[in-house]
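> sequence and predicted structure are below.
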Amino acid sequence: MPHYKMVVFTRPKAGREQEYNDWYQNVHLRELVAFPGITSAQRFKLSATLGEADAQPYLSIYEIETEDIDSVAQAIQNAAQNHQLTMSDAVDLEFAEANIYQVFGAQVNKPGHIM
């Protein structure tokens, strides 16, 4: 079965980081992993930048396994448009970006390092 990663960059509105983090971790991730095909989700906080661009402070990566990625993407979009997802106004949607990538190529690991 094909494997995908949905990568989402976001940021909270000014002064609302705690509310944003609580909603994202305890509500939003759980709602999305309930979708068929989405098997897990994990969040990350920016630690360093390697370029000069203004990077988003938060990243979420969703693991997806499906034969029909278009139906998974459409289901997420429909749920958002039809207000079937609990949204928080603490997230600054102006800076949000979401993309889905299909696993392409084998993972390369450092010799002797077990993942």
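Yep, that arrived. Numbers count the residues shown, from 1 in each chain.

> hey, let's count contacts and neighbours off CA atoms from now on
Fine.

> where does the chain have low pLDDT?
Residue ranges of the chain with pLDDT under 70: 115.

> recalculate using a threshold of 80.
52-53, 113-115 (pLDDT under 80).

> can you show me the strands along it?
Taking DSSP state E as the test, the strands found in the chain are 3-10, 38-45, 58-65, 97-102.

> show me how far the first one is from its chain's centre.
When distances are taken as Cα atoms, centre = their mean, to the nearest Å, strand 3-10 is centred 4 Å away from the chain's centroid.

> contacts for that strand, please.
Strand 3-10 has contacts (Cα atoms under 8 Å, 6 or more residues apart in numbering) with 56-66, 91-93, 95-103.

> which among those residues end up buried?
56, 58, 59, 60, 61, 62, 63, 64, 65, 66, 91, 100 (16 or more other Cα atoms under 10 Å).

> what residues does the longest helix belonging to the chain touch?
Secondary structure of the chain per DSSP state H: the longest helix is helix 69-81. Helix 69-81 is contacted by residues 32, 35, 36, 37, 66, 85 when judged by Cα under 8 Å, 6+ apart.

> if we go to 6 Å?
Under the criterion Cα atoms under 6 Å, 6 or more residues apart in numbering, residues residue 85 lie in contact with helix 69-81.
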